[in-house]
Every structure is written in structure tokens, then in C-alpha cells.
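Q: any chance you can model this:
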Amino acid sequence: MIEARDLIQKGRHSVSAAGLEVSYESPTHFSRDYTRNFDVFPVNDVRAANAISQEDALITA
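A: Residues are numbered from 1 along each chain as shown. Below is the predicted model of the structure:
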């Protein structure tokens, strides 16, 4: 699960792709377990990663 969070936070994978990468067949089950482990919905980590990427792009521009 930590590996999946790392993939999501680095913006490398969507929630579904991260779940598949760590052997979840069901995105629903992955999302449920992710939320139980980290007390945050995986989509919130995706949004945070996207916001950081956009900030980095503005800084380097």
C-alpha cells in the first residue's frame, strides 16, 4: 500500500493503475483499503500531487 501511495503522490499513476500495480483487481477495494490505511481518499493524494506539479511548473517557468 505504501508503494501505491508513492506512485500516486509522485504523479506516476492514476488511482486505478496504482491499485493494479500492487495487485488489487478491484479499484473499489483498493480505494477502500487506501482510505483505511492513510485516512485520506486516494483521489485527494492525486489532487495534491497535481497541485505540487503545477506549482513546480510555475517556479521553473
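
Q: give me phi/psi at the one residue sitting closest to the centre of the chain?
A: With distances taken as CA atoms, centre = their mean, the residue of the chain nearest its centroid is I8 (2.6 Å). Dihedral pair for I8: phi -70, psi -50, per degrees, to the nearest 10.

Q: so which residues of this structure form helices?
A: 2-9, 15-21, 27-38, 42-60 (DSSP state H).

Q: of the ones you listed, flag the one that's most buried.
A: Highest mean neighbour count among those (mean count of other CB atoms under 10 Å): helix 15-21, with a mean of 18. The C-beta positions use only the backbone N, C-alpha and C, and glycine is treated the same way.

Q: residues contacting it, please?
A: Under the contact criterion CB atoms under 8 Å, 6 or more residues apart in numbering, helix 15-21 has outside partners 3-5, 7-8, 13, 26-27, 29-31, 34, 42-43, 46.
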